[in-house]
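Participant: here is a sequence together with a model predicted from it:
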Amino acid sequence: MKPAYRLALWLTKKSLASATILASSGSRGLIRGAQRSSAWPEVWSLQVRRGVCGVGVEEGGEEEGVMAGGEEADGKKPQHRAGKKKGGPPPGPQAEPTILREGEADILLHGNDVFYNKAQIVNRDLSIAVLRAFAAKRQEEHEESLAKKASRKSKGASAVNGKENGGAQEESASSAVEGEDAKTSVSGSEVKGEDQGVEMKEETSPSGKAEEEAAAVVAAPVEAVLESKIAKPLHVLEALAASGLRALRYAKEVEQVGSVVACDNDKVAVEACERNIRLNGKVALAKVTANHADSRIYMLSHEKEFDVVDLDPYGSPSIFLDSAVQSLSEGGLLSCTATDMAVLCGNNGEVCYSKYGAYPLRGKYCHEMALRILLGSIEAHANRYKRHIVPVLSLSVDFYVRVFVRVYTSASAIKESPSKLSYVYQCVGCDTYHLQPVGRVATRQGSTRYMPGTGPVISPDCKQCGKHHNMGGPIWSAPIHDADWVDGMLRSVTAMKSRYPAYNKIHSILTGVSEELNDVPLYVSLHSMSATLKCTPPSATLFRSAVVNAGYRISGSHANPLGLKTDAPMEVLWDIMRCWVKDHPVKENSGETPGKVILTKEPEIEANFKKVQSATSKALASGVARFLPNPEEFWGPKPRAGRHLTSKHIASYGAAFVNGTLRAEGKPPIESPAAGDGAPDAKRQKVDE
Ligand SMILES: C[S@@+](CC[C@H](N)C(=O)[O-])C[C@H]1O[C@@H](n2cnc3c(N)ncnc32)[C@H](O)[C@@H]1O
Ligand SMILES: [Zn+2]
């Protein structure tokens with residue numbers, strides 16, 4: 001007798017938080033389907049809690065799969081998953097859902113039905129850290145605006161007090177009306193806070209200036225007492241939600257999040273998300289809503305509504321950017337991932353141009369260039385709607401880039417956009433690069449003028465090696481992080497260490513970012529320069545010391561352990577290397593190589609390699625890690641949901657992943673990669689397509 005497994009979720013009306021695990025064949029135990037599923041114990045802890053979800057085992061049932069509770073009650077047949085053949089063979093005995101816990105959220109997984117990549121835990125943890133920082137910032141801004149309002153009222157009241165009685169009566173009447181409004185808004189916010197599980201904080205002084213506050217209370221007692229000092233809870237859109245894991249973590253782990261819409265255009269994913277919402281109990285049910293829609297249309301029809309929009313697509317986010325920048329509220333936060341690194345780093349430059357409007361270059365700095373191309377593209381989309389971005393954190397991690405930017409509206413501020421963008425000239429011989437700003441801003445006697453950039457910043461041939469240049473960009477060449485945010489996040493993440501499953505990795509990334517020179521785009525590679533000259537490279541400490549001794553700043557880059565960011569001109573860097581080679585001669589090599597041409601020139605400065613403390617990374621000196629190895633093999637992208645996995649996927653995703661997925665889908669594992677296995681890499685059709 002072939003058993004089929006069926007999961008049913010019950011939510012009692014009285015207590016939504018408690019549901020019961022049922023095993024219709026009692027002897028099989030309560031959580032047969034749940035498996036510990038990772039070799040990374042710091043990150044994963046499976047907690048199948050009694051009273052949260054149900055895994056039932058039925059004998060002789062024909063249908064397998066996970067059903068939403070409501071469907072059963074309606075008497076509707078559960079939907080077959082897209083990507084699974086209707087009427088196909090029943091699943092084998094291994095077809096079991098797995099329950100995974102990440103942070104405070106649990107999700108049910110079933111093979112490759114819905115996208116899930118555990119490597120993205122770093123991405124989700126970082127996003128939660130940024131979300132917490134954003135909530136704190138919004139609170140600060142809210143308090144500042146209250147203080148300003150109060151001070152305006154206070155000034156207004158003094159002026160009115162100086163007037164005659166008639167005026168005073170007018171003031172008191174308008175005060176009463178405003179007081180009523182304020183009252184309504186306060187009670188509304190109280191109800192919201194309770195409903196949405198938002199913990200109310202103790203009221204603090206908005207401005208820190210006691211006198212100002214006191215004056216405001218005297219002048220406008222009703223408003224000051226009644227107006228909420230707690231900023232509105234955050235309204236979040238996870239536009240590409242898959243299982244809803246990220247949305248659930250935001251809702252459960254960030255107290256200031258009031259509501260999350262988890263959107264996906266794949267019906268299978270939306271159903272899974274709905275189940276996961278129920279699985280996660282009261283807070284999740286109150287805050288998270290699954291939504292089946294094309295998120296581009298959804299965002300366009302919710303203009304300026306979301307405080308946070310999260311884009312975490314397969315590959316490129318380019319098609320979502322235009323609607324995302326429109327759906328953010330003023331000062332809202334856009335969090336955006338791109339995993340199409342090959343495109344962003346210079347394979348098929350023309351594809352990158354078509355998606356992002358910028359040409360990538362295959363430089364050693366390509367990971368930071370990728371970030372800057374994405375930022376430039378978001379800015380371009382924002383500018384179309386008189387909006388502009390302010391990056392708070394921009395990261396190159398593992399196999400993707402992730403940027404966090406705030407979006408503001410200002411017709412005058414967008415005039416500065418061209419001055420925040422640059423083209424990049426890169427020599428094809430020695431990789432020397434120069435930035436060519438697209439625009440300039442000049443302020444004289446209080447008036448500001450916006451002009452095109454002047455150039456070219458290079459001569460036709462490279463001054464170092466005589467070769468020609470390639471031109472890439474435009475890229476975002478203004479700062480990519482907000483230093484205050486980064487410092488605050490590092491402090492907060494350290495203080496809440498236990499709340500971040502990938503703490504070690506996110507701490508190392510933020511440490512790397514905190515040491516970066518924020519006003520220097522891109523970076524050089526000491527190894528690449530040494531390879532051009534065919535010399536043994538100096539140690540990073542010696543090279544960095546020589547740069548500092550020459551009067552410039554230098555730092556590492558979070559995007560590349562070998563990357564060095566410096567405000568020293570390329571001429572100075574090559575001179576330092578020329579001086580190094582004088583003391584560490586290279587073998588004569590034949591031909592006019594770029595390295596040879598560079599070394600024929602005499603250095604114009606005399607490099608001083610004496611070690612200086614300020615040249616070393618503080619983190620390195622104090623033993624704080626900036627780069628960590630991946631915790632396991634195949635720590636990379638994962639296949640799209642619904643994709644039929646074959647032996648050819650083993651090379652990319654590992655046998656453990658492929659066979660684990662197949663087993664969970666009730667299919668036999670693949671023994672070994674078969675050369676030339678021509679099995680089709682079938683895609684699931686979207687329900688709506
Ligand atoms: C990489 S997965 C998202 C993973 C998820 N954010 C997480 O952290 O686990 C991308 C998801 O986007 C969905 N998607 C793709 N195009 C979409 C569109 N136009 N509108 C809504 N969802 C879309 C896919 O169905 C898929 O579930
Ligand atoms: Zn050159």
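Facilitator: Nice, I can see it. Ligands and ions are numbered 1, 2, ... in the order given.
Participant: mind checking the SS state of the residue of the stretch 401-550 of the chain found nearest ligand 1?
Facilitator: Nearest residue of the stretch 401-550 of the chain to ligand 1, counting by CB to the nearest ligand atom: Arg402, 11.2 Å away. C-beta: built from backbone N, CA, C; applies to glycine. Counting by DSSP: H, G, I helix; E, B strand; the rest coil, the backbone at Arg402 sits in strand.
Participant: hmm, it is touching Pro391, no?
Facilitator: No: the pair Arg402 and Pro391 fails to qualify as a contact (CB atoms under 8 Å) at a distance of 11.4 Å.
Participant: one step back: so how many other residues sit close to the residue of the stretch 401-550 of the chain closest to ligand 1?
Facilitator: Here the count is done by other CB atoms under 10 Å, and Arg402 has 26 residues near it.
Participant: one more: the one 4 residues further on?
Facilitator: Arg406 is surrounded by 19 other residues when neighbours are defined as other CB under 10 Å.
Participant: please enumerate the strands of the stretch 551-689 of the chain.
Facilitator: For the stretch 551-689 of the chain, the strands defined by DSSP state E, counting those that start in this stretch cover 554-557, 560-566.
Participant: the stretch 401-550 of the chain too?
Facilitator: Remark: strands assigned in the stretch 401-550 of the chain by DSSP E, counting those that start in this stretch are 421-427, 433-437, 439-444, 447-452, 469-476, 524-525.
Participant: show the pLDDT at the residue of the stretch 401-550 of the chain closest to ligand 1.
Facilitator: Per-residue confidence (pLDDT) for Arg402: 98.
Participant: which ones are touching it?
Facilitator: If you count contacts by CB atoms under 8 Å, 6 or more residues apart in numbering, Arg402 has them with Asn123, Leu126, Ser127, Ser335, Cys336, Thr337, Ala338, Ser394, Leu395.
Participant: hmm, try it at 6 Å
Facilitator: By CB atoms under 6 Å, 6 or more residues apart in numbering, Arg402 lies in contact with Asn123, Thr337, Leu395.
Participant: and the residue of the stretch 201-350 of the chain closest to ligand 2?
Facilitator: Ranked by CB to the ion, the top residue of the stretch 201-350 of the chain for proximity to ligand 2 is Gly346, at 17.7 Å.
Participant: part of a helix, is that residue?
Facilitator: No: the assignment for Gly346, made by three-state DSSP, is coil rather than a helix.
Participant: thought Pro603 was touching Met577?
Facilitator: No: with contact defined as CB atoms under 6 Å, Pro603 does not reach Met577; the gap is 8.6 Å.
Participant: so which of these two has more stuff around it?
Facilitator: Neighbours around Pro603 and Met577, counted as other CB under 10 Å, are more numerous at Met577. The numbers are 25 against 18.
Participant: that older thread, closest to Arg152 out of the strands of the stretch 401-550 of the chain?
Facilitator: For the strands of the stretch 401-550 of the chain, distance to Arg152 was read as CB to CB. The smallest value, 27.2 Å, belongs to strand 447-452.
Participant: that closest one packs against which elements?
Facilitator: strand 439-444 (3 or more CB pairs under 6 Å, 6 or more residues apart in numbering; DSSP states H and E).
Participant: what angle do the strand it packs on and strand 447-452 make?
Facilitator: Using axes from the mean of the first three to the mean of the last three CA atoms, to 10 degrees, the inter-axis angle of strand 439-444 relative to strand 447-452 is 160 degrees.
Participant: helices or strands up against the lengthiest helix in the chain?
Facilitator: Longest helix in the chain by number of residues, with DSSP state H as the criterion: helix 121-161. Using 3+ CB pairs under 6 Å, 6+ apart, the elements in contact with helix 121-161 are helix 210-219, helix 245-253, helix 483-495, helix 503-515.
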